[in-house]
Structure formats: structure tokens, C-alpha cells
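In: Sequence first, then the predicted structure, then my questions.
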Amino acid sequence: MDAAALKTLPLFSSLSERELGELSRYTDEVDVPAGRSLIDQGRFAYEFFLIREGTAEVTRDGEHLRDLGPGDFFGELAILATDRRTASVTAKTAMLLVVMHRQAFLQVEQSLPSVAAQLREAIAARLPQ
């Protein structure tokens with residue numbers, strides 16, 4: 001994954017060049033077609049996603065919750081707060097996604113604790129109070 005591309009994502013925009021370079025080693029970029037199921041409610045979680053391009057729909061128990069677009073991220077709650085997905089996400093359009101797997105996040109916690117802390121803060125802001 002290109003460090004400059006990571007810099008364009010709001011979640012990582014405040015990181016230094018060194019941090020972005022290191023983080024880029026732990027992320028992948030994938031293209032997905034419209035209609036692709038990205039995560040399924042109730043399934044085990046292994047990764048989280050950040051949207052570079054495209055839109056996705058979030059549903060829970062078949063009910064539409066919201067749409068996501070560039071700069072949004074999803075799947076992170078299952079990695080850090082629970083083992084199972086709490087909602088389903090489907091690509092509404094073709095998408096370009098940044099993906100980080102659970103094991104990579106654990107490595108980021110060791111090598112880039114400030115980056116891991118920033119991600120945890122963003123996740124905490126989404127958790128119900």
C-alpha cells in the first residue's frame with residue numbers, strides 16, 4: 001500500500017511520513033465490484049476496511065442503517081470490541097478499499113502505539129455510551 005494514499009484518508013491524515021510509511025506495510029488495497037458482500041452480520045471478523053472510492057450500504061437484521069463513502073471505515077468494531085460482525089456491509093458501487101487484518105493491527109499496536117491509540121479513539125467514538 002502506498003503511504004501517500006493512506007495520507008488522503010481522514011483517519012490517517014495527521015500521521016507523520018514515518019508513521020505512514022510504517023503503516024503502509026500493514027495495509028493492502030483491494031478493488032471490489034458493485035454488489036459484493038464485504039462483511040456479513042454474525043460472522044467472525046478478521047479485518048477492517050477504509051473506503052478510498054465508492055459507496056457501501058450498512059444493514060443490521062436486513063434493515064438499512066446508513067450508507068458509507070470515501071473516508072469512512074467499517075469492520076473495526078469486530079476486531080477490537082467483539083469477535084463477530086454486528087452488521088452487514090455491501091458494496092453499492094465499485095469500490096477501492098484499504099484493508100488491515102487483525103494480525104496486522106496487533107503488530108501496529110507494537111510498532112506504532114500512537115497510531116493504534118488514534119484508531120482506538122475513533123472506534124470508541126462510535127461505541128454506544
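Out: Cool, the structure landed. Residues are numbered from 1 along each chain as shown.
In: counting contacts, what elements does the longest helix anywhere in the chain pack onto?
Out: What stands out as the longest helix in the chain, according to DSSP state H, is helix 113-124. Packing partners of helix 113-124 (3 or more C-beta pairs under 8 Å, 6 or more residues apart in numbering; DSSP states H and E): helix 17-24, helix 76-80, helix 102-111. From N, CA and C alone the C-beta is placed, and that goes for glycine too.
In: Could you rerun that using 7 Å?
Out: helix 76-80, helix 102-111 (3 or more C-beta pairs under 7 Å, 6 or more residues apart in numbering; DSSP states H and E).
In: okay, which residue is most central for the chain?
Out: The residue lying closest to the centre of the chain (C-alpha atoms, centre = their mean) is Phe49, at 2.6 Å.
In: wait, isn't that residue in contact with Phe73?
Out: Yes: using C-beta atoms under 7 Å, Phe49 is in contact with Phe73, at 6.3 Å.
In: Give me the below-cutoff pLDDT ranges for the chain.
Out: 78-79, 81-82, 126-129 (pLDDT under 70).
In: Quickly note the distance from Asp83 to His101.
Out: 14 Å (C-beta to C-beta, to the nearest Å).
In: residues touching Thr93, list them.
Out: With contact set as C-beta atoms under 7 Å, 6 or more residues apart in numbering, Thr93 has these partners: 34, 54-55.
In: what do you get for Asp67?
Out: Here Asp67 is in contact with 55-57, 92 (criterion: C-beta under 7 Å, 6+ apart).
In: which of those residues tops the neighbour count?
Out: Ala56 (25 neighbours; other C-beta atoms under 10 Å).
In: wait, isn't that residue in contact with Arg66?
Out: No: judged on C-beta under 7 Å, Ala56 makes no contact with Arg66 at a distance of 9.5 Å.
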